[in-house]
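A.B. asks: Predicted model and sequence follow; I will ask about them next.
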Amino acid sequence: MRYDFDSICDRTRTDCVKWDGAAAIFGCDDIIPLWVADMDFPAAQPIIEALDRRAAHGVYGYTRPGPGVVAAVVERMQRRFNWKIEPEWVVFTPGVIPALHTAVRAFTHPGDEVILQPPVYYPFYPAVKSSGCQVACNPLRRVNGRYEMDFENLEACFTIEYGLRTLTGRARAIILCNPHNPVGRVWRPEELARLGEIMLRRGVLVIADEIHCELLFRGQRHTPFASLSEAFAQNCVVCMAPSKTFNLAGLGISSIIIPNRRLRQQFTSAGSGIMPPPNLFGYTALEAAYRHGDEWLEQLLDYLQGNLDYTLSYFAERIPRIKVSPPEGTYLVWLDCRGLGLDDRALRDFMREKARVGFDDGYIFGPGGSGFQRMNIACPRAVLTEAFGRIEAAVNELGEGN
């Protein structure tokens, strides 16, 4: 079946956050929202049909994950990543963010430190702070427009006063973002292995957010952190979901893979009575996506590659004051707007009021985000064309003096 990603799917009046919430968030009606990370494409037909069948049953009571749902996750990990997992390792949650909050609560104590590598997905910060923990930053290094983990800084942080925050020996966990949101890095096995060895040596648990793991651009390959070694597997919690890959964010379903039995028991205990199970439609969608969604996914990835190529060429040729580094994964593009000469507040107002395009402001991603904007390119190309034309006109009007 051929899928049409060029047609505009009108999402207004569906109570979607991205479009129907844009006026309240950005302060104006005439704005193209390219911010929150969901896609403006209908889901794969097998998912729609599976949900229709389940809805037609008419009884929507308490639901457990059946053996077919668990098997779909196990088989998916083997087929896509050559990672053999056991069914009992899988814990289902209504989302990765609730799982991150639960993991921090389960594996730390108030006053402990949790390491983040900014600029990084902004909900990580409240996930740390809600348990009374403190954020310890190991900022990524930007080298010729490409981001790298700063291993030297990370090692030094454990022993001396260095960087933005000193690790005082209370670091209990690191939240790893792979692929990294917002900068788009897909971490190489050797990078993950180096990080994993440091964390093992320091007794720090790795909580890996791998929700974008199947959204990869040309030539990229995702490596689940836990797949690298048995030692790493026993010292990590891996958070995955079909929600980003198959555009199912509204259905609330995630697979938290925890090979270590003791950690798994701690995690489930921490969430007991607080975190609800996924809803029945989430289970249905996950199984349909993982078993029957690959045809749609392969066409989606081709379309997103086209959108990325178009974005790179447009900005390079027509808006060169905004620099775009090619992401390796996700459908998010990290725009370096520092060439416009605007501070963060002025940049925010410029994009909203002059360009009339809604992005996520870079500074909310933490240190290293000032002067940047995060853009979602998972939409029909015509939407990007309109948005880019608005940005180009606004930048030309701004002039070179800023």
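C.D. replies: Structure's in. What do you need? Residues are numbered from 1 along each chain as shown.

A.B. asks: Could you export stretch 39-53 as CSV, CA atoms only?
C.D. replies: The C-alpha coordinates for stretch 39-53 follow below in CSV (Å, rounded to 0.1, in the frame of the first residue of the first chain):
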residue,chain,number,x,y,z
MET,A,39,3.4,14.1,13.4
ASP,A,40,0.8,15.6,11.1
PHE,A,41,0.3,12.2,9.3
PRO,A,42,-2.5,9.6,9.8
ALA,A,43,-1.3,6.4,11.4
ALA,A,44,-0.7,3.2,9.4
GLN,A,45,-3.8,1.6,8.2
PRO,A,46,-3.3,-1.7,10.1
ILE,A,47,-3.2,0.3,13.3
ILE,A,48,-6.4,2.2,12.4
GLU,A,49,-8.2,-1.1,11.6
ALA,A,50,-7.0,-2.8,14.8
LEU,A,51,-8.4,0.1,16.8
ASP,A,52,-11.7,0.0,14.9
ARG,A,53,-12.1,-3.7,15.7
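
A.B. asks: Can you tell me what sits against that stretch?
C.D. replies: Residues from elsewhere that reach stretch 39-53 (CB atoms under 8 Å, 6 or more residues apart in numbering): 1, 3, 5, 8-9, 11, 18, 246-248, 281, 284-285, 287-289, 291-293, 295-297, 300, 331, 378-380, 383. C-beta: built from backbone N, CA, C; applies to glycine.

A.B. asks: among the residues you listed, which ones are buried?
C.D. replies: By neighbour count, with 16 or more other CB atoms under 10 Å, the contacts of stretch 39-53 hold 3, 5, 18, 246-248, 281, 284-285, 287-289, 292-293, 296-297, 300, 331, 378-380, 383 as buried.

A.B. asks: What's the first helix or strand after the helix or strand where residue 208 lies?
C.D. replies: Residue 208 belongs to strand 205-209 when assigned by DSSP states H and E. Remark: after strand 205-209, the chain's next helix or strand is helix 230-233, criterion DSSP H and E.

A.B. asks: Not counting that next one itself, show me its contacts.
C.D. replies: Contact partners of helix 230-233, identified using CB under 8 Å, 6+ apart, comprise 193, 196, 200, 206, 225, 226, 227, 259, 260.

A.B. asks: what do you get if the cut-off is 6 Å, keeping everything else the same?
C.D. replies: Residues outside helix 230-233 that contact it (CB atoms under 6 Å, 6 or more residues apart in numbering): 196, 226, 259.

A.B. asks: Let me know the distance separating the last one from residue 213.
C.D. replies: Relative to residue 213, residue 259 is positioned 17 Å away (CB to CB, to the nearest Å).

A.B. asks: who's more crowded, the two?
C.D. replies: Using other CB atoms under 10 Å as the criterion, residue 259 and residue 213 rank with residue 213 on top: 25 against 19.

A.B. asks: Okay, and the closest residue to residue 324 other than its chain neighbours sits in which element?
C.D. replies: Using CB to CB, 6 or more residues apart in numbering and skipping the chain neighbours, the partner closest in space to residue 324 is residue 315 (4.7 Å). If you go by DSSP H and E, residue 315 is part of helix 294-318.

A.B. asks: What are the buried residues along that helix?
C.D. replies: 294, 296-297, 299-301, 303-304, 307-308, 311, 314-315.
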